[in-house]
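Peer 1: give me coordinates for this.
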Amino acid sequence: MVDHVTKERRSWLMSRVKSKDTSPELRVRKAAHSLGLRFRLHRKDLPGKPDLVFPKHKTAIFVHGCFWHRHKNCPKATTPKSRRDFWLEKFAANVSRDERVSLELRDRGWLVETIWECETKIDGPLRAQLMDIFGLE
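Peer 2: Below is the predicted model:
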């Protein structure tokens, strides 16, 4: 299958993909703050620079995009039809890095949680997930 956009347009679109302050991350931050949870952002002294760090709870949360980090059984985790080998290699490297970083954090005594992009769409379930992670009622 042929790509529907030019190479230049695709490059421009990909350059707009952010790694920090994404919409899903902002939704998680807002929900956590509304629950009274206080956190730090992107701590450089921790492996993988977790999106949200809760020092009081020694918990690190990563807010992963379903496409980039390959959320299993999620419709957003599609594989582009062009340059398939490139994408499969890229996705495998992302997943491998995620596993390595989580292991490093756990070895340091941190609880590591992942919240997927698709799980941030509705506030109620997101808040419930955060409450479950932190044992809130």
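Peer 1: show me the shaky parts of the protein.
Peer 2: Residues of the chain meeting the criterion pLDDT under 70: 1-3, 10.
Peer 1: tell me the centre residue of the protein?
Peer 2: Centroid-nearest residue in the chain, with CA atoms, centre = their mean: His64, separated by 1.5 Å.
Peer 1: quick one: buried residues of stretch 115-130?
Peer 2: Ile115, Trp116, Glu117, Cys118, Glu119, Thr120, Leu126, Arg127, Gln129, Leu130 (16 or more other CB atoms under 10 Å). For every residue, glycine as well, the C-beta is placed using N, CA and C.
Peer 1: and those residues, which of them are in strands?
Peer 2: Ile115, Trp116 (DSSP state E).
Peer 1: so of the buried residues of stretch 115-130, which ones are in helices?
Peer 2: Using DSSP state H, the members of the buried residues of stretch 115-130 that fall in helices are Leu126, Arg127, Gln129, Leu130.
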